[in-house]
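# okay, here's the prediction I keep looking at, along with the sequence it came from:
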Amino acid sequence: MEFFNDVGGDPLKPSLFELVAQEQLRDLLQPALKYVLAVFAQRYPRYLIRIVNRHEEFYAFIMLFVERHYLRKHNASFSENFYGLKRRRKPWIATERATAAVGGIPAGEKLRSREIWRSLFLLIAVPYLRAKGQDYYESLGGGIDYDNLEDGGSERHIRELTDESIGGVLRRKFKTIYPWFNTGFEAWLLAHNVAYLFDRTPFYRPWLAWIGVDLRRLNMDDFLAHKANQNAISPTKSGFLAVVRRLLLRSPQLLLDSLRLLLPTAIFFIKFLEWWYSPGSPARSLSISPLGPAIPPPQILPPHPAGITIDSTKYGHCPLCKDPIHNATALPSGYVFCYRCAHDHVEQHGNCPITLLPAKAWQLRKVLV
């Protein structure tokens with residue numbers, strides 16, 4: 001098994017746990033970036049709201065440049081390079097003994113343009129298509145109970161899924177097939193992970209065989225080669241303008257290389273802020289607000305003499321239909337009714353049936369219990 005490979009096995013073969021960890025890091029990048037954009041979009045909606053609404057496309061566009069830089073310079077994706085891994089062109093004949101005798105990194109291990117573009121397709125396009133497919137499945141009501149939706153939403157979903165046109169038939173087919181396809185895809189990946197764990201395949205992902213690469217740990221030769229590239233001094237012109245030009249040309253590469261430390265640090269900081277400001281955080285319970293105690297909730301408005309009477313002993317019953325509240329909805333007065341009862345009464349009378357305060361249909365608020 002691969003977790004014994006340091007004892008008599010291949011010391012450069014990464015363990016399955018390393019590979020899963022680098023995939024989890026890659027999966028955390030998109031929600032972290034979306035969270036940051038959503039926070040800043042509240043302050044600058046004019047400039048960022050469109051980016052937040054098209055976040056999948058924006059993230060894929062950014063990662064195209066990041067992953068391309070790391071694949072060309074480090075022969076690894078961003079997350080693989082962070083965990084000290086690299087992609088190696090899989091040789092047809094193993095040359096470990098010849099490489100150990102000669103030393104250095106064989107020239108045939110470096111990724112060519114074909115392997116780089118295939119890796120980019122599977123690192124960016126496939127996750128993007130899966131995310132869009134999941135969003136479309138959820139937009140069709142996948143996994144949602146229609147009884148818990150408001151009447152307008154359920155009618156729209158039912159109308160879309162009962163349409164007899166070609167588009168309606170395709171939507172119903174997609175809604176039926178997608179869960180099975182997604183489950184089968186995850187089972188396929190799990191089976192490949194198990195095969196990699198027991199040394200049945202050198203590829204922990206099935207598409208790596210199509211690309212023609214496998215994943216390896218960085219060894220001493222890789223570190224020496226990287227250090228030699230950094231220490232290599234090319235002949236440059238002296239002078240202020242030459243220095244500024246050199247900095248401008250190197251700044252994109254320096255920025256992309258710094259992401260190796262900046263992005264994981266930013267993810268940790270964002271997760272820490274989410275924990276710190278969460279309602280159940282021990283830090284919030286121990287901290288004392290400088291603004292004083294919490295503001296108490298407002299008092300309940302008294303019923304109007306001409307309004308309907310409410311029975312305080314029947315908690316959870318609608319004052320209009322006298323039945324248990326279904327799809328609880330609050331009026332601006334604070335009283336809760338069934339959504340259908342409240343909507344019909346406001347449409348006909350334009351006020352709260354208990355306090356007789358003016359109310360509009362758009363002021364109804366659904367209560368999540």
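Yep, that arrived.

# what's the burial count for L190?
10 (other C-beta atoms under 10 Å). Where you see a C-beta, it was placed from the backbone N, CA and C, and this is true even at glycine.

# just the element for it, please.
Element membership for L190, per DSSP states H and E: helix 166-197.

# next SSE after that helix?
With DSSP H and E, the next secondary element past helix 166-197 is helix 207-211.

# buried set for that following helix?
208, 211 (16 or more other C-beta atoms under 10 Å).

# for it, which helices and strands make contact with it?
If you count contacts as 3 or more C-beta pairs under 8 Å, 6 or more residues apart in numbering; DSSP states H and E, helix 207-211 packs onto helix 113-120.

# average pLDDT for the helix it packs on?
Averaging pLDDT along helix 113-120 yields 90.

# which residues sit against it?
With contacts defined as C-beta atoms under 8 Å, 6 or more residues apart in numbering, helix 113-120 is touched by 64, 67-68, 71-72, 77, 87, 89, 111, 210-213.

# quick one: distance of that helix to the chain centre.
24 Å (C-alpha atoms, centre = their mean, to the nearest Å).

# helices or strands up against the helix or strand just after it?
Downstream of helix 113-120, the first helix or strand assigned by DSSP H and E is helix 126-139. Contacting helix 126-139 under the criterion 3+ C-beta pairs under 8 Å, 6+ apart are the following elements: helix 55-74, helix 166-197.

# how about these, which one is nearest L262?
Ranking the helices and strands packed on helix 126-139 by proximity to L262 (C-beta to C-beta) places helix 55-74 first, at 11.4 Å.

# ramachandran coordinates for F337?
phi -140, psi 180 (degrees, to the nearest 10).

# re the thing from before, now do the helix holding L190, average pLDDT.
Mean predicted confidence for helix 166-197 is 88.

# who are the packing partners of that helix?
Here helix 166-197 touches helix 16-43, helix 126-139, helix 151-161, going by 3+ C-beta pairs under 8 Å, 6+ apart.

# count of neighbours near K173?
Residues lying near K173 (other C-beta under 10 Å) number 10.

# gap between it and F185?
17 Å (C-beta to C-beta, to the nearest Å).

# and what of F58?
Taken as C-beta to C-beta, the span from F58 to F185 is 25 Å.
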